[in-house]
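Colleague: okay, predicted coordinates and the sequence, questions at the end:
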Amino acid sequence: MTIQPLADTNLFKPIQVGRYQLQHRVVLPPLTRYRNDTDQAPTELAVEYYGQRSSKVGTLLVTEATFISAAAGGYDLAPGIWSGKQVTQWNRVFNKVHENKSFIFVQLWHLGRASKPDGLKARGLPYVSSSANYITDEDKQLAKKVGNELRALTVDEIKQTVKDYAQAAANAIKAGADGVEIHGANGYLPDQFIQSTSNTRTDQYGGSVENRVRFVLEIVDAIVAEVGADRTGIRLSPWGLIAGMGGAAYNPEETFGYLLEQLEKRAQEGKRLAYIHLVEPRYGRESMHIGSGVVPGDNAFAFEKWTGVVIRAGAYHEDYNHIKGHVNQNDRSLIAFGRTFIANPDLPERLEKGWELNQYNRDDFYGVGAKGYTDYPFHK
Ligand SMILES: Cc1cc2nc3c(=O)[nH]c(=O)nc-3n(C[C@H](O)[C@H](O)[C@H](O)COP(=O)(O)O)c2cc1C
């Protein structure tokens, strides 16, 4: 990799995102780090971590994925935003980011079938998804063993879940966040409705593309009604294969193209979301394996359907020409850096000046206190 300063690219041109004027286009994407307390509230360490990564004025951060309700979770030490304590603790984080004159959106998370049946059982919670289709046989065996088998959400439960999303968005704003990002990517609950590999319902939430995206559009509309379109973003991974997504008969451009058309329609009617956040097909590979076939993966289609701001994420640190190419392609792209922003608290500045980057250590991505979290050095 040849390091070069990116100061004279669009990456360092200010941009309006929803209500906010950012000073540059380097974004901290959502990164789960499992360092919250046993009440699933962020600690003082999180204040320091997000504080470090917002140190350049006008940076956009997205929080680690955050459960909208107890029922949406099942993992320990990931944060929530349903309790008073969580709202209070998040407020400390957001105040720090605002002291730095930067911005932060909360990523709203519901695991659905990606949760674990035993963890849910211990909390007295059901194991639910769009349909009763397990990700793996091991999940199925475990669910049977602990007596918490996967089942489809009822229509009443779907309506309640949509309300839970809106409530979580309201809580995030109450805690002082600048906005929320719906986690519609990586095989979690909204994706489990969107994709036909997991969604085999035969009611108004399954079958046609229109029916499969109904749930996520209801979430969008409920959150927009609660906090405003200009404080709402959504993350999607059209090409993702995580958590059993994809599948032989799967056509990402048709499904996600339709969803983006619906979001663009709302935008034309005055409700434009702050941004669409796209996970890139794995960069550096020419094609993605979908089921037994191989299809080219390219998010270019999304730029045709959606005319607003787009954040792109996925392996950009590997190639500065790739970053430049995508950010200069148009005047509405931001680039998110995951693993590299973990290792470089001052990443925007390093990219701007062409400074050397710290290397990330995968071993402490998750759950080991300050080490690998707040102790990566700033450039001298
Ligand atoms: C430790 C770790 C935790 C992550 N947690 C989340 C998450 O909570 N929500 C999410 O949407 N993506 C999550 N991701 C994916 C990142 O947001 C990003 O899309 C991915 O790391 C690719 O970008 P990169 O190649 O720059 O690291 C995570 C990735 C890593 C490495």
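Modeller: Noted; the coordinates are in hand.
Colleague: name the nearest residue to residue 82, ignoring sequence neighbours.
Modeller: If you skip the residues right next to it in sequence, residue 82 has residue 69 as its closest partner in space, 5.0 Å away by CB to CB, 6 or more residues apart in numbering. In short, each C-beta sits where N, CA and C put it, glycine included.
Colleague: tell me the contacts of that neighbour?
Modeller: Remark: with contacts taken as CB atoms under 8 Å, 6 or more residues apart in numbering, residue 69 is in contact with 80, 82, 110, 164, 167, 168.
Colleague: what's the burial count for the fourth one?
Modeller: This means residue 164. Counted with other CB atoms under 10 Å, the neighbours of residue 164 add up to 22.
Colleague: now it: which helix or strand?
Modeller: helix 155-174 (DSSP states H and E).
Colleague: which positions within that helix qualify as buried?
Modeller: For helix 155-174, the neighbour count (16 or more other CB atoms under 10 Å) marks 158, 161-169, 171-173 as buried.
Colleague: how close does the nearest residue to residue 313 once chain neighbours are set aside get to the ligand?
Modeller: Residue nearest to residue 313 in three dimensions, not counting chain neighbours: residue 336, with 3.8 Å by CB to CB, 6+ apart. Residue 336 sits 7 Å away from the ligand, going by CB to the nearest ligand atom, to the nearest Å.
Colleague: what residues are up against residue 336?
Modeller: Contact analysis of residue 336 by CB under 8 Å, 6+ apart lists 26, 27, 28, 29, 62, 277, 311, 312, 313, 316.
Colleague: picking up where we left off before, Serialize the buried residues of helix 155-174 to TSV and add fields for pLDDT and distance to the ligand.
Modeller: Shown next, in TSV, are those (pLDDT from 0 to 100; distance: CB to the nearest ligand atom, whole Å):
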residue	pLDDT	distance to the ligand
158	98	22
161	98	19
162	99	20
163	98	23
164	98	18
165	99	15
166	99	20
167	98	20
168	99	15
169	99	17
171	99	18
172	99	15
173	98	20
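Colleague: for those, work out which two are farthest apart.
Modeller: Checking the buried residues of helix 155-174 against each other with CB to CB, the farthest-apart pair comes out as 158 and 173, at 23.6 Å.
Colleague: enumerate every residue touching residue 335.
Modeller: Contact analysis of residue 335 by CB under 8 Å, 6+ apart lists 11, 25, 26, 27, 311, 312, 313, 316, 323, 326, 327.
Colleague: kindly identify which of those residues also come near the ligand.
Modeller: 313, 316 (CB under 6 Å from any ligand atom).
Colleague: show me the contacts of residue 335 that map onto strands.
Modeller: The strands in this structure, assigned by DSSP state E, contain 26, 27, 311, 312, 313 from these.
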